[in-house]
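J.: Output the structure for:
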Amino acid sequence: MTEAFLETFAKLKFGNFFSPWTDVWDVEGVNKSKCQGSFDKISRTKGYYKNVVQYKATVEGSEQANRPVDEGPVPLRQAKEFHPVPQVATGRMRTPKQRKGKKKKKSSSRSQSGDSSPGSNDLVLPLAHPSSSAESLSSYSMASASYHSPSPSCRSQTMDLVDFTGQTPSARARMIPNPGSTDCYKYYTTITQAVLGLKGFDAERLKRIARLLANSDYNLLRAPAFHGNYLDIKPCWILTPGCTLEEMKAWKPGDQSYPVLAMARGCGDTKHEEAYRAMCVHYYNEDTFDTSNKIKGTLKTSKCTSDVFKNATENLRTMVLAMTETLFGRGFYGINPDIGLANTGSLSEKDRKYVENKLKGKLKPKSERSSEEHRQIPVSSYNVVQFEWTKASMFKDGIKLPKERDNLVLDKVELLQFEVDPLELDVYPDPFLLLIKAAINWSWCCDQKLLPACGRPDAPSSPVPTMIEITTVPLPVPVTPDKEDD
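T.: This next block holds a predicted model:
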């Protein structure tokens with residue numbers, strides 16, 4: 001092994017091989033008037049959802065609901081003609097035949113875990129027969145098994161499938177939050193219209209659509225098992241589609257692959273080296289990538305090209321502007337992300353101060369607070385304050401967008417690019433949903449959270465455990481597979 005190889009290998013292990021996004025992007029503040037028209041620019045054509053079987057089932061299924069979303073979980077049920085794909089990620093998924101079982105013991109067990117048996121309030125999704133489409137419909141089976149449970153096991157950690165960088169165990173990461181553990185999905189009502197090509201739907205139905213969309217296969221990405229610490233709780237990762245905007249708008253499931261720019265940075269007490277150790281400790285595999293001799297799910301990785309970097313940067317800028325327009329604009333049939341939230345006037349001065357301090361991470365640990373210092377305040381009140389802060393920041397500092405740094409030479413930085421290939425994956429995300437998540441994480445880093453769907457800077461650091469076995473050899477040289485702890 002050469003000295004250069006050992007040096008590169010050591011950098012990968014310690015997380016300082018790849019460049020943080022602060023090395024390639026500056027933060028540019030633009031007047032909020034710049035967002036005008038961005039929502040229409042990024043929206044898919046009206047009726048787009050009719051061309052994707054799962055999306056069509058989602059929209060048509062939402063029409064059958066007989067109660068408001070806020071009244072509680074609405075279980076999903078399979079149509080009789082649906083035959084799920086072989087289950088490889090979790091032992092909790094059941095086939096239609098298994099779900100028909102009448103054993104009382106099983107039913108009791110499900111009830112205790114937060115699941116409920118299908119009843120009169122079930123939402124039955126009209127699904128096309130699988131033979132009529134090449135796309136997978138397994139998301140509804142997954143939703144049926146894990147819809148109500150906030151347990152981490154819902155993320156289906158598995159040693160059988162690798163994540164987007166080639167490591168195991170992997171887990172399914174969601175772009176829209178899990179409705180079984182949070183109600184943050186309801187803030188996606190407006191942007192959902194752009195994803196599916198919807199016009200003229202009322203807010204309640206859009207909430208149901210957003211909830212069902214969160215359980216779609218196309219809301220999932222195979223990610224490192226500890227992705228929650230870096231993609232959600234403390235959003236250090238930004239995964240941005242590198243295809244063109246037009247390609248993203250025309251995307252359909254099947255065999256159409258697309259590139260993704262994967263970058264990280266430090267946030268809070270988490271350094272960018274830790275964030276990259278959690279994301280990827282492998283060198284690019286493009287030189288040794290062989291589809292006939294690799295673990296199922298392994299994706300091609302490479303150094304980011306100029307075209308992908310420019311597309312990803314422009315896509316992220318456009319999505320941030322589009323989501324900002326939904327906060328200020330009134331052209332969305334009166335449906336804005338913060339519609340229906342409580343008026344902050346109902347908060348007392350003490351309660352509001354408590355909310356602000358908690359959002360800023362200035363509260364004492366719960367165990368150290370007196371009874372007077374601890375308050376029970378609705379989550380909606382925190383979200384109201386967060387939206388107010390975001391809008392105030394945009395008025396003061398402008399909308400913060402990523403901008404390519406002046407005189408940037410991509411050859412002198414290391415940026416990870418991976419290819420989402422549907423033919424290699426059990427689940428894969430719609431690039432539109434992936435871009436929405438990237439915009440949310442970007443805005444969080446800029447103190448302008450577009451949606452209350454990620455963590456706080458005061459969240460405790462959760463370093464990558466040392467007991468992770470690397471199961472593939474990423475560097476393009478013949479060496480013995482590394483079995484040391486990460």
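J.: Look up the pLDDT of Asp338 for me, please.
T.: With respect to pLDDT, Asp338 scores 76.
J.: Give me the contact list for stretch 216-224.
T.: 52, 54-55, 58, 136-139, 142, 161-165, 167, 170-176, 213, 231, 239, 253, 278-279, 297, 420, 425-430, 433-434 (C-beta atoms under 8 Å, 6 or more residues apart in numbering). Backbone N, C-alpha and C define where each C-beta goes, glycine included.
J.: Please, where are all the helices along the stretch 301-450 of the chain?
T.: Ranges of helices in the stretch 301-450 of the chain, per DSSP state H, counting those that start in this stretch, are 306-328, 349-359, 379-397, 431-445.
J.: counting contacts, what elements does the longest one pack onto?
T.: This points to helix 306-328. Applying 3 or more C-beta pairs under 8 Å, 6 or more residues apart in numbering; DSSP states H and E, one finds that helix 306-328 contacts helix 38-42, helix 189-196, strand 237-241, helix 245-249, strand 258-264, helix 379-397, strand 399-404, helix 431-445.
J.: now do 6 Å
T.: Packing contacts for helix 306-328, counted by 3 or more C-beta pairs under 6 Å, 6 or more residues apart in numbering; DSSP states H and E, involve helix 38-42, strand 237-241, strand 258-264, strand 399-404, helix 431-445.
J.: Over to the shortest one?
T.: In this structure, helix 349-359 makes packing contacts with helix 379-397, judged by 3+ C-beta pairs under 6 Å, 6+ apart.
J.: The helix it packs on: which residues count as buried?
T.: For helix 379-397, the neighbour count (16 or more other C-beta atoms under 10 Å) marks 381-387, 389-391, 393-394 as buried.
J.: what's that helix packed up against?
T.: helix 349-359.
J.: Could you check the angle the helix it packs on makes with helix 379-397?
T.: Interaxial angle of helix 349-359 relative to helix 379-397 (axes from the mean of the first three to the mean of the last three C-alpha atoms, to 10 degrees): 70 degrees.
J.: shaky segments in the chain?
T.: Applying pLDDT under 70 to the chain flags residues 1, 65-159, 291-293, 330-335, 339-345, 367-374, 454-486.
J.: Which of the contacts of stretch 216-224 fall in helices?
T.: Judged by DSSP state H, helices contain the following of these: 54-55, 58, 139, 142, 213, 278-279, 433-434.
J.: Tell me what Gln417 is bridged to.
T.: Here Gln417 sits in beta bridges with Leu261, Ser302, as judged by DSSP bridges.
J.: do you know how far it is from Leu196?
T.: Per C-beta to C-beta, to the nearest Å, Gln417 is found 28 Å from Leu196.
J.: Neighbour count for the two, which is higher?
T.: Taking other C-beta atoms under 10 Å, Gln417 and Leu196 do not tie; Leu196 has more neighbours (26 against 21).
J.: That one: what's its closest spatial neighbour, skipping adjacent residues?
T.: Nearest in space to Leu196, with sequence neighbours left out and distances taken as C-beta to C-beta, 6 or more residues apart in numbering, is Tyr49 at 4.1 Å.
J.: Surely that neighbour is within a helix?
T.: Yes. Under DSSP: H, G, I helix; E, B strand; the rest coil, Tyr49 falls within a helix.
J.: Tell me how many other residues crowd it.
T.: Counted with other C-beta under 10 Å, residues neighbouring Tyr49 total 22.
J.: How about Glu286?
T.: Close neighbours of Glu286, defined as other C-beta under 10 Å, add up to 14.
J.: Relative to Leu363, how far out is it?
T.: Distance of Glu286 to Leu363, computed by C-beta to C-beta: 47 Å.
J.: who's in contact with Tyr382?
T.: With contact taken as C-beta atoms under 6 Å, 6 or more residues apart in numbering, Tyr382 is in contact with Val355.
J.: where does it sit relative to Cys184, distance-wise?
T.: 11 Å.
J.: How about Glu314?
T.: 27 Å.
J.: before we move on, what about Glu274?
T.: Applying C-beta to C-beta to Glu274 and Cys184 gives a distance of 25 Å.
J.: got it, and Gly47?
T.: Between Gly47 and Cys184 the computed distance is 27 Å (C-beta to C-beta).
J.: okay, the two: which has more neighbours?
T.: Cys184 (19 against 13).
J.: Surely the more buried one touches Ile176?
T.: No. Under the criterion of C-beta atoms under 6 Å, Cys184 is not in contact with Ile176, lying 8.3 Å apart.
J.: Tell me who's in contact with Leu316.
T.: 240, 402, 438.
J.: And these, which of them are buried?
T.: 240, 402, 438.
J.: which one of these is nearest Pro20?
T.: Closest to Pro20 out of the buried ones among the contacts of Leu316 is Pro402 (12.8 Å), distances taken as C-beta to C-beta.
J.: quick one: which of the buried residues of helix 379-397 is nearest Ser62?
T.: Ser62 lies nearest to Asn383 out of the buried residues of helix 379-397, by C-beta to C-beta, at 23.0 Å.
J.: That closest one contacts Pro452, correct?
T.: Yes. Between Asn383 and Pro452 there is a contact at 4.5 Å, judged by C-beta under 6 Å.
J.: Contact partners for Leu12?
T.: Contact analysis of Leu12 by C-beta under 6 Å, 6+ apart lists Val281.
J.: so which strand or helix has it?
T.: Assigned by DSSP states H and E, Leu12 falls within helix 3-14.
J.: coming back round to it: so what's the residue nearest to Leu196 up against?
T.: Counting by C-beta under 6 Å, 6+ apart, Tyr49 touches 55-56, 59, 196-197.
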